[in-house]
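Q: Predicted model, plus sequence, below.
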Amino acid sequence: MSVTGVASSILSILNGSQRQQSPTQLIQSEFQQLGLDLQSGNLAQAKSDFNTLAKNLPSVSQNSGIPANVAAATTNTNPVAQAFAQLGQDLQSGNLSAAQQDFTTIREDSTQQLNVSPV
């Protein structure tokens, strides 16, 4: 599945539009936990949260793993996909402050995309 599909999945999950599905609740909860762990500075747990989140995303779970998808996302023009890719890279390199900023960017960009109504 395309990186745009990953971004769409993230947006719909953050929006809560799939609440009735147990896997989606898991993803939403993991995303919130990732934010809490980043905020508290727990880099090891944030990495674990990110890996769990990436594995549980419906559009990613059919592929071999997140690294290839994250690398591919950097060429996408979707800001949420780019921030998600950057978050994975910053967590992998151990850059906590950059990962915190990436998480904030994901939340802000997804909120902006959800608030844009079609003309």
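A: Sure thing, it's come through. Fair warning: this is a prediction, and the values are worked out from it, not measured in the lab. Residues are numbered from 1 along each chain as shown.

Q: Which other helices and strands does the helix or strand harbouring A99 contact?
A: For A99, the element it lies in under DSSP states H and E is helix 96-115. In terms of contacts (3 or more CB pairs under 8 Å, 6 or more residues apart in numbering; DSSP states H and E), helix 96-115 is packed against helix 3-15, helix 22-40, helix 43-56, helix 79-93. (C-beta placed from N, C-alpha, C; glycine too.)

Q: what's the angle from it to helix 79-93?
A: Here helix 96-115 runs at an angle of 160 degrees relative to helix 79-93 (axes from the mean of the first three to the mean of the last three CA atoms, to 10 degrees).

Q: Tell me the confidence at the closest residue to N56 other than its chain neighbours?
A: In space, and not counting its chain neighbours, N56 is closest to I27: 5.1 Å by CB to CB, 6 or more residues apart in numbering. Note for I27: predicted pLDDT of 76.

Q: pretty sure I27 is touching L53, no?
A: Yes. At 6.3 Å, I27 counts as touching L53 under the criterion of CB atoms under 8 Å.
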